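*Asks:* what's the 3D shape of this:
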Amino acid sequence: MEAREFLAIAMFVLFIALILTGFPVGWVLGGLAVLFTALAIVFEQDLGIYTGVDWSYSSLVVERIWDLMDNWVLVALPLFILMGLLLDRSGIAGELMKNIARLFGRVGGGLAVTVALIGILLAATTGIIGASVVLLALLGLPAMLDQGYRPELATGTVCAVGTLGILIPPSIMLVLMADRLAMSVGDLFLGALLPGGLLGALYIAYILIYAALRPEVAPAPEDAPPPDWRMVADVARIVLPALGLITLVLGSIFFGVATPTEAAGVGAFGALVLAGCKRKLSRPVLRAVLTETTRTTGYVFAIFLGATAYSLVLRGLGGDDLIHRALLDLPLGPHATVAVILFFTFLLGFFLDWIEITLIVLPLVAPAVQALGFDLVWFTVLFAVCLQTSFLTPPVGFALFYLKGVAPPGIDTPILYRGVMPFIALQLLGIGILFSWPALVTWLPSMAYR
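*Replies:* Numbering: from 1, shown residues only. Modelled structure (predicted):
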């Protein structure tokens, strides 16, 4: 192994180690870029060992950062975040919880199914995992516990469905992936629709089957009134405005009427109108939403800047070539190679956030997968589904932290861990289904261009 490749491996290992310290990710990435540039210069100038990296890389970093900040696709990020936060504050979820729960009142596990359905709707509107998990926990968790639900099922349902927002369009993760791989955002949005629906269906099926086999874990209330058309009308009255906005945003992208950035602007404006119509658009609410949007966008772009410097130095040291050769030289078939990549991505999700994996790992492995002859949209969506599990897997499962922060007394960490295990298994089952039937991902994008 060449010295420069040894430096590349050390750079990646040290990155994972430093992330576990809790130090800000953007600073870790940028600091490692500077540190290993200095080490490469020492190796080459003082030891006479070729590395191919010098301080001229600093000017290249500036050029790449300029290209990053000049990228119009990324303008969609703060707009989608703003749209999600506004819809979160509009009170739609609370009204849905009350009315859908009445529809499923006589069904075992009906309250958990209600939380799952609201989570799916939130996933297509907010896309902000923290907001979804906290909102579902505040609305649904006390109600399920009061009705006698087993705490593991209640907490696992909230955590799992709360993470769907990172996958179901409009997803900020898919926007980042499209930018990193120079792909169409619309293709990824279309490709992720059926997988997102598949995961939601798996969650609901599990809840219903589990409640049917063991009624004591999710009892139905005995005094629940039977559903009627008035209940259905109440649900439709609440769902249709948000559903119309989602259709407008995604439809304008899918049918080529608007770019993702333009559609994000339409979505943000539509969310303002909905919040105004519900009389939720006060000055304090608007200030809080704008502040949170700025904070979240700043966090993402700080990692972007650090990752730009880190990736440039890692590639200068031959890290991308090393990974490319290692994957292609595996004594396995193409499908087994992709399975190995997804397996290690799943393991990385135990320790790293999805943003770091998207910005650092995905651009390194995607060219090798494409060289093996696979459809890049299919692999990217598979990669995204795999990353969704990172929100549930300890010790860095952010959905677990969000829920723990607002959970009622008595909900301890072991309960959370036990609760998410079946849903992690369901996510892995979903990955297996998508791996075996690629058409579930590729069919909608292919139909869009007929």
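
*Asks:* next one: the helix or strand containing residue 122 to chain centre, how far?
*Replies:* Assigned by DSSP states H and E, residue 122 belongs to helix 110-123. The chain centre lies 17 Å from the centre of helix 110-123; the measure is C-alpha atoms, centre = their mean, to the nearest Å.

*Asks:* likewise stretch 152-165?
*Replies:* For stretch 152-165, the distance to the chain centre is 14 Å (C-alpha atoms, centre = their mean).

*Asks:* swap in stretch 308-323?
*Replies:* The answer for stretch 308-323 is 25 Å, by C-alpha atoms, centre = their mean.

*Asks:* Next: stretch 386-402.
*Replies:* With C-alpha atoms, centre = their mean, you get 10 Å for stretch 386-402.

*Asks:* quick one on the thing from earlier: just the CA trace of the next helix or strand after the helix holding residue 122, in CSV.
*Replies:* Where DSSP H and E defines the elements, the next helix or strand beyond helix 110-123 is helix 129-146. Presented in CSV, the C-alpha positions along helix 129-146 are these (Å, rounded to 0.1, in the frame of the first residue of the first chain):
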residue,chain,number,x,y,z
ILE,A,129,-37.2,14.3,11.6
GLY,A,130,-37.0,16.1,14.9
ALA,A,131,-40.2,18.0,14.4
SER,A,132,-42.1,14.9,13.3
VAL,A,133,-40.9,12.7,16.2
VAL,A,134,-41.5,15.3,18.8
LEU,A,135,-45.0,16.2,17.4
LEU,A,136,-46.1,12.6,17.2
ALA,A,137,-44.7,11.9,20.7
LEU,A,138,-46.6,14.8,22.2
LEU,A,139,-49.9,14.0,20.3
GLY,A,140,-49.9,10.2,20.3
LEU,A,141,-47.6,8.7,22.9
PRO,A,142,-49.7,9.8,26.0
ALA,A,143,-52.9,8.7,24.3
MET,A,144,-51.5,5.3,23.5
LEU,A,145,-50.1,4.8,27.0
ASP,A,146,-53.4,6.0,28.6
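
*Asks:* Show me what the helix holding residue 122 is packed up against.
*Replies:* helix 92-103, helix 129-146, helix 151-162, helix 185-213, helix 229-254 (3 or more C-beta pairs under 8 Å, 6 or more residues apart in numbering; DSSP states H and E). Where C-beta positions appear, they are placed from N, C-alpha and C, glycine not excepted.

*Asks:* 6 Å instead?
*Replies:* helix 92-103, helix 129-146, helix 151-162, helix 185-213 (3 or more C-beta pairs under 6 Å, 6 or more residues apart in numbering; DSSP states H and E).

*Asks:* possible to save the ones you listed as TSV with mean neighbour count, distance to residue 414 and mean pLDDT?
*Replies:* Converted to TSV, those look like this (neighbours: other C-beta atoms under 10 Å; distance: least, C-beta to C-beta, whole Å; pLDDT from 0 to 100):
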stretch	mean neighbour count	distance to residue 414	mean pLDDT
helix 92-103	20	27	69
helix 129-146	21	16	77
helix 151-162	27	9	90
helix 185-213	21	19	91
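
*Asks:* which one of those lies closest to residue 62?
*Replies:* Nearest to residue 62 among the helices and strands packed on helix 110-123 is helix 185-213 (26.4 Å), distances taken as C-beta to C-beta.

*Asks:* ok, back up a step: pLDDT of the helix holding residue 122, averaged?
*Replies:* The pLDDT scores in helix 110-123 average 82.

*Asks:* The chain should start at 801 in everything you say after this.
*Replies:* From this message on, residue numbering opens at 801, which makes the last subject helix 910-923.

*Asks:* Would you mind getting the angle between that helix and helix 951-962?
*Replies:* 20 degrees (axes from the mean of the first three to the mean of the last three C-alpha atoms, to 10 degrees).

*Asks:* what is the orientation angle of helix 910-923 with helix 985-1013?
*Replies:* Using the same axes, to 10 degrees: helix 910-923 against helix 985-1013 is 170 degrees.

*Asks:* Helix 910-923 vs helix 1029-1054, what angle?
*Replies:* Using the same axes, to 10 degrees: helix 910-923 against helix 1029-1054 is 30 degrees.
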